[in-house]
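Participant: Pasting a predicted model and its sequence here:
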Amino acid sequence: MDAELYANISGYLQSVIRMATPLALASIGGMFTARTGIMNFALEGIMIMGAFMGAYGSYLTGNPWFGVLLSIVGGISMALILGFTSVTAKVNQVVAGTGINMLAMGLTSYLQNVIYGIGAKPSTVASFKTIALPLISNIPLIGPVLFKQTVFTYFVYFLVPISAYVIFKTPFGLAMRAVGDYPAAADSLGISVPKIRYISVILSGALGGLSGAFLSIGTLSVFMEKMTSGRGYLAWATVTVGKWNPFGIFGASVLFGAADALQMRLQSLSINFPYQFLVMLPYILTMLVLA
């Protein structure tokens, strides 16, 4: 294979896995809430809060791991609002999720202006670098694609089978599925429906926060307003396309990641074509797959 062609294919496939990572994290979080009967339309807000808190934590300490910790806290805080409105107050879940998204967008924009100054350029922060795993990263094509990634991607590799095991092979997973399918029956067996739903919401918030942190300190080293660009909504669609199964969700994440990576590649080629249509590509693909 021609060296230039090999480099292009390898680079594109690396981008596919990189673009799939935040989707997989948020989508698996959304799967936990979906399994308990909660439509997590707040994933966009959870992700943007996680992105902001991740960058802010790294900005404060110079340590991206502290940013990861704060991103989880930020994601859970947004998710708990969803839990209270959906589980305790029993508000319409779509309305509650939309409100949380608007709250998170406005709040992160406000906090950015307070911290950095109105109109100031966001500060570059310490971020995670690509880690090449010894030996296996040298495997032709597969090695650079799968094993020259950040810690977020490696975490996804473990998260997918572990979450599948939890959902399908443990009593807790059985309780989650029972609460989602037959809450009245689960309650009659002594399973606390609100407790299980709150746990799922917390898990979703933690993973959604990590997904946001990947965007700010796993790729760009900076937080920008609205940097999630609708990925939270795409993540919820990924849950549906993946049929509420971690392996299916990961496959769907790779599919949408491929579309996202493709539109970025096409933009870099300076094709005489409106870039807005290229940016729409992942979302058009989402609608086609759902249809």
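Facilitator: Received the coordinates, thanks.
Participant: And for Val151, the neighbour number?
Facilitator: A count of nearby residues for Val151, using other C-beta atoms under 10 Å, gives 16. Quick note: C-beta positions are derived from backbone N, CA and C, even for glycine.
Participant: That one touches Phe128, doesn't it?
Facilitator: Yes. Between Val151 and Phe128 a contact is recorded at 5.8 Å, counting by C-beta atoms under 8 Å.
Participant: So what touches stretch 177-196?
Facilitator: With C-beta atoms under 8 Å, 6 or more residues apart in numbering as the test, stretch 177-196 has contacts from 34-37, 87-88, 167, 175-176, 197.
Participant: rerun that using 6 Å as the cut-off
Facilitator: 35-37, 87, 175-176 (C-beta atoms under 6 Å, 6 or more residues apart in numbering).
Participant: could you redo those residues as a markdown table and give each row secondary structure and neighbour count?
Facilitator: As requested, these are arranged in a markdown table below (DSSP: H, G, I helix; E, B strand; the rest coil; neighbours: other C-beta atoms under 10 Å):
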| residue | secondary structure | neighbour count |
| --- | --- | --- |
| Arg35 | helix | 22 |
| Thr36 | coil | 27 |
| Gly37 | coil | 21 |
| Val87 | helix | 22 |
| Ala175 | helix | 20 |
| Met176 | helix | 27 |
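Participant: Do me a favour and average the pLDDT over stretch 183-195.
Facilitator: Stretch 183-195 comes out with an average pLDDT of 92.
Participant: can you pull the buried residues of that stretch?
Facilitator: Going by neighbour count (16 or more other C-beta atoms under 10 Å), the buried part of stretch 183-195 is 183, 186, 191, 193.
Participant: which element is the third one on?
Facilitator: What that stands for is Ile191. Using DSSP states H and E, Ile191 sits within no helix or strand.
Participant: pLDDT below threshold where in the stretch 151-291 of the chain?
Facilitator: For the stretch 151-291 of the chain, the stretches flagged by pLDDT under 70 are 269-278, 290.
Participant: So which residues of it form helices?
Facilitator: For the stretch 151-291 of the chain, the helices defined by DSSP state H, counting those that start in this stretch occupy 151-169, 171-181, 183-188, 193-215, 231-241, 246-268, 275-279, 281-290.
Participant: which ones are touching Thr108?
Facilitator: When contacts are counted by C-beta under 6 Å, 6+ apart, Thr108 touches 48, 52.
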